[in-house]
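Peer 1: I would like the atomic coordinates for the input below:
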Amino acid sequence: MEDGPPSTSCFRRFTDCFLGSSLTDEKVKAYLSLHPQMLDEFVLESVSAETVDRWLKRKSSSQPADESSAKDVSRYQDTNMQSVVYELNSYMEQRLDTGGDNKLLLYELCNIIKTATKADGFALYFLGECNNSLCLFTPTGAKEGLPGLIPSGPITFGTTIGAHVAKTRKTLLVEDIMGDERFPHGTGQDSGIRVHSVLCLPILTAIGDLIAILELHRHLGREPFNLSHLEVATANLAWASVAIHQVQVCRGLAKQTELNDFLLDVSKTYFDNIVAIDSLLEHIMIYAKNLVNADRCALFQVDHNNKELYSDLFDIGEENEGKPVFRKTKEIRFSIEKGIAGQVARTGEVLNIPDAYADPRFNRHSECIYRVTMEKLSYHSICTSEEWKTLTHLSLPSAIYKEIELFHFDVAPFEELWPAIFVYMVHNSCGKNSFEQEKLCRFTMSVRKNYRRVPYHNWKHAVTVAHCMYAILLKTTGIFTELERKGLLIACLCHDLDHRGYSNSYLQKFDHPLAALYSTSTMEQHHFSQTVSILQLEGHNIFSNLTSSEYEQVLEIIRKAIIATDLALYFGNRKQLTELLATGVLDLNNRAHRDRVIGLMMTACDLCSVTKLWSVTQLTANDIYAEFWAEGDEIKKIGMQPIPMMDRDKKDEVPQGQVGFYNAVAIPCYTTLSELFPPSSPLLTACRENLAQWEQIVQGEDTSTWASTNEAELSETSDSGPVKVDN
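Peer 2: This is a model prediction of the structure:
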């Protein structure tokens, strides 16, 4: 028997095959069973759609031989069910290896089940952080303004049907949810439409762990769910659970492969190179942290001899070039009998604790100390309601309004009005509606409270620096944006927050904790950190009306401005600006150039005491040297020799030191500033006048303003410092 050419129709090939032979039903059936494609071609070419439809109706109306068996099978062969399974298969094949969000994937599968059961709506609940509550899942963008997981309530009896099912882990079909006394809160959702029938099912893993709760709804007026809907939903959820389990198994295998690669890498590093133990531990901590997407990581080594756990390498919660930063600090030790870490060390078993604070094995002692300490600190660092309310009613004397616009304005006589002076400067520079009045007053008074009572780097200095910036901004209208003006005034007020009266070099030399926390510009970084901390206090975020983008911008302006007050950075910054000015390429629209200009402005404001009237400058010098000498005294206590500037035994060298400071730092600073902004030239003029006064003292031409004092007098501050002022 030979088949005809490919172009020959199936019917022609069929008739040619049996032409001349006795054609029987058995032969036709046998041939078609061996060549089913011929029947397909015949039906497509020769049978009308109406005929095929009649065939399907006749087939569906015919009863199988075993009626009960067919009934059991047919309930899972519903047309909707078949389409759901087909769609599920296709979808899961696409999503299996993508590593997508399981919650969103399950939500989409539940949406398919909603269609299959002809439900009016559905809700998908996941377990809360401690597995004792339910959270309603809302896909991104489904409801504007709501997060992905919305707390729905605890898992307990006598509340909602979802909580009941989560507690029992058994499926429930309720025809009238409002009439069921077991669920006084119904579904727990207030959508405005009365829910009548509810089908609620637990979604379990292959090993019986609860993943989520699916709640299918039908509204009042619809037929309630029946057993067939329950069977459809159960079958589909079983498939979904298996599919998700398969995804998790695949991910687990991928993680295991990654772990094996890591262990191999560590082994190679350890055996092929001489590696410091800290480097090896850091390598392990980085990998472990990334492996489980942890926020923080701690690694404790076991001292078997003393039965203790110890560590000196800590995750400080920061990143550098995408990698976590670990800091080596003073070693801590605690008994192997304490805490969750101690439990793991004793038993060698892995522990996964959903809520450490609720676990009796958690070592609460250090955490309690931390909480109590922070509570005490916040009490002493936040202004009282009486303080900020008093500020809202303060008004300035009319005489101040003109004087405050002058560069040489001295804030000292108006101590009680310093907060009001700052608020006035903000309003006059940025507008009265630039900040919420209550928040601005709270912020200002809390900033005042966070300045320490040190001789120079105190609240008075903060207001003085802010005033100098205010005066510069008045003379440079149109150059700086409103966001920059706000940021610069706040930066000036906060630029020395929580200053302890010691220099960066002192903190670094004596391994102060702040130096361990910030390796460069130590105090400046701390000042910025304190600023952010105050902004985060309740009722203190003066920038809350800004967009997230603007908020980030203004914080960056403040950060750069405060860091620029580190005098060690001034010299390089001024050199770059001088070159830009000399070559004529300075462009204020260039972000880098603009940052350098702002940096110079911050230095000029920070040093502005050298531009005040001579009597004010002398008094400020007293305060500065009081701090310097206190630091020098501490250095002497450990047998070291301080630099001359900080040695009270070399008080006679103060005038000469001031002349050197003016010539090397102050005069060049204000010269460059006046070249940038000519209206600021009064600062340079005043600085030169004060330099001349110091030079006269050095040359012996003016002895009335300088007198030697005994050591007892020099140990005091402000009123009897190294520079004596004749009244």
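Peer 1: thought residue 475 was touching residue 679?
Peer 2: Yes - between residue 475 and residue 679 there is a contact under C-beta atoms under 8 Å: 3.6 Å. For every residue, glycine as well, the C-beta is placed using N, CA and C.
Peer 1: check which helices and strands the helix or strand hosting residue 263 sits against.
Peer 2: Residue 263 is part of helix 227-272, with elements assigned from DSSP states H and E. Other elements packing on helix 227-272 under the criterion 3 or more C-beta pairs under 8 Å, 6 or more residues apart in numbering; DSSP states H and E are helix 79-95, helix 102-116, strand 172-174, strand 195-204, strand 210-219, helix 277-291.
Peer 1: mind putting these in a markdown table, mean neighbour count, distance to residue 512 and mean pLDDT included?
Peer 2: Converted to a markdown table, the helices and strands packed on helix 227-272 look like this (neighbours: other C-beta atoms under 10 Å; distance: least, C-beta to C-beta, whole Å; pLDDT from 0 to 100):
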| stretch | mean neighbour count | distance to residue 512 | mean pLDDT |
| --- | --- | --- | --- |
| helix 79-95 | 14 | 53 | 54 |
| helix 102-116 | 19 | 46 | 83 |
| strand 172-174 | 20 | 63 | 91 |
| strand 195-204 | 23 | 54 | 90 |
| strand 210-219 | 23 | 50 | 90 |
| helix 277-291 | 15 | 22 | 75 |
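Peer 1: using a markdown table, lay out those together with distance to residue 603.
Peer 2: Shown next, in a markdown table, are the helices and strands packed on helix 227-272 (distance: least, C-beta to C-beta, whole Å):
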| stretch | distance to residue 603 |
| --- | --- |
| helix 79-95 | 57 |
| helix 102-116 | 52 |
| strand 172-174 | 72 |
| strand 195-204 | 63 |
| strand 210-219 | 59 |
| helix 277-291 | 37 |
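Peer 1: distance check, the closest residue to residue 219 other than its chain neighbours against residue 229.
Peer 2: Closest residue in space to residue 219, ignoring its immediate chain neighbours: residue 120 at 4.8 Å, by C-beta to C-beta, 6 or more residues apart in numbering. Residue 120 sits 12 Å away from residue 229, going by C-beta to C-beta, to the nearest Å.
Peer 1: show me where pLDDT drops low in this structure?
Peer 2: Low-confidence segments of the chain, defined by pLDDT under 70: 1-35, 57-101, 140-147, 191-192, 266, 268-278, 355-380, 701-727.
Peer 1: please repeat the previous calculation with a cut-off of 50.
Peer 2: For the chain, the stretches with pLDDT under 50 are 1-8, 11, 18-21, 62-79, 96-99, 141-147, 365, 704, 706-727.
Peer 1: quick one, strands of it?
Peer 2: Assigned by DSSP state E, the chain shows strands spanning 121-127, 133-137, 149-154, 172-174, 195-204, 210-219, 301-303, 308-320, 323-335.
Peer 1: adding distance to residue 593 as columns, could you present those strands in a markdown table?
Peer 2: Listed next are these as a markdown table, based on distance: least, C-beta to C-beta, whole Å:
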| stretch | distance to residue 593 |
| --- | --- |
| strand 121-127 | 51 |
| strand 133-137 | 50 |
| strand 149-154 | 46 |
| strand 172-174 | 69 |
| strand 195-204 | 59 |
| strand 210-219 | 55 |
| strand 301-303 | 50 |
| strand 308-320 | 27 |
| strand 323-335 | 31 |
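Peer 1: quick one: which of those is nearest residue 521?
Peer 2: Evaluated with C-beta to C-beta, the strands of the chain place strand 308-320 nearest to residue 521, the distance being 15.2 Å.
Peer 1: can you list contacts of the closest one?
Peer 2: Contacts to strand 308-320, defined as C-beta atoms under 8 Å, 6 or more residues apart in numbering, come from residues 278, 281-282, 285, 289, 295-303, 324-336, 341-342, 345, 517.
Peer 1: kindly report the same for stretch 503-518.
Peer 2: 316, 327, 329, 502, 521-526, 566, 568, 631, 634-635.
Peer 1: list the buried ones in that stretch?
Peer 2: Using 16 or more other C-beta atoms under 10 Å as the test for burial, stretch 503-518 gives 503-504, 506-508, 512, 514-518.
Peer 1: likewise stretch 174-187?
Peer 2: With burial defined by 16+ other C-beta under 10 Å, the residues of stretch 174-187 counted as buried are 174, 177, 183, 186-187.
Peer 1: and stretch 687-701, by the same measure?
Peer 2: Using 16+ other C-beta under 10 Å as the test for burial, stretch 687-701 gives 687-688, 690-691, 693-695, 697-698.
Peer 1: alpha carbons of that stretch, in PDB - could you do that?
Peer 2: C-alpha atoms of stretch 687-701 as PDB (Å, rounded to 0.1, in the frame of the first residue of the first chain):
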ATOM      1  CA  CYS A 687      39.100  91.400  59.300                       C
ATOM      2  CA  ARG A 688      42.000  93.600  58.200                       C
ATOM      3  CA  GLU A 689      41.200  96.100  60.900                       C
ATOM      4  CA  ASN A 690      41.300  93.400  63.600                       C
ATOM      5  CA  LEU A 691      44.500  92.000  62.100                       C
ATOM      6  CA  ALA A 692      46.100  95.500  62.500                       C
ATOM      7  CA  GLN A 693      45.000  95.500  66.200                       C
ATOM      8  CA  TRP A 694      46.800  92.100  66.800                       C
ATOM      9  CA  GLU A 695      49.900  93.300  65.000                       C
ATOM     10  CA  GLN A 696      50.000  96.400  67.200                       C
ATOM     11  CA  ILE A 697      50.000  94.200  70.300                       C
ATOM     12  CA  VAL A 698      52.700  92.000  68.800                       C
ATOM     13  CA  GLN A 699      54.800  95.100  68.000                       C
ATOM     14  CA  GLY A 700      54.200  96.500  71.500                       C
ATOM     15  CA  GLU A 701      52.400  99.500  70.200                       C
END
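Peer 1: and it, how far out from the chain middle?
Peer 2: Using C-alpha atoms, centre = their mean, to the nearest Å, the mean C-alpha position of stretch 687-701 is found 53 Å from that of the whole chain.
Peer 1: re earlier: for residue 549, find the nearest of the helices and strands packed on helix 227-272.
Peer 2: Residue 549 lies closest, by C-beta to C-beta, to one member of those: helix 102-116, at 27.2 Å.
Peer 1: what angle separates that closest one from strand 121-127?
Peer 2: Orientation of helix 102-116 against strand 121-127 (axes from the mean of the first three to the mean of the last three C-alpha atoms, to 10 degrees) gives an angle of 150 degrees.
Peer 1: quick check: angle from helix 102-116 to strand 149-154?
Peer 2: Between the axes of helix 102-116 and strand 149-154, defined by the same axes, to 10 degrees, the angle is 70 degrees.
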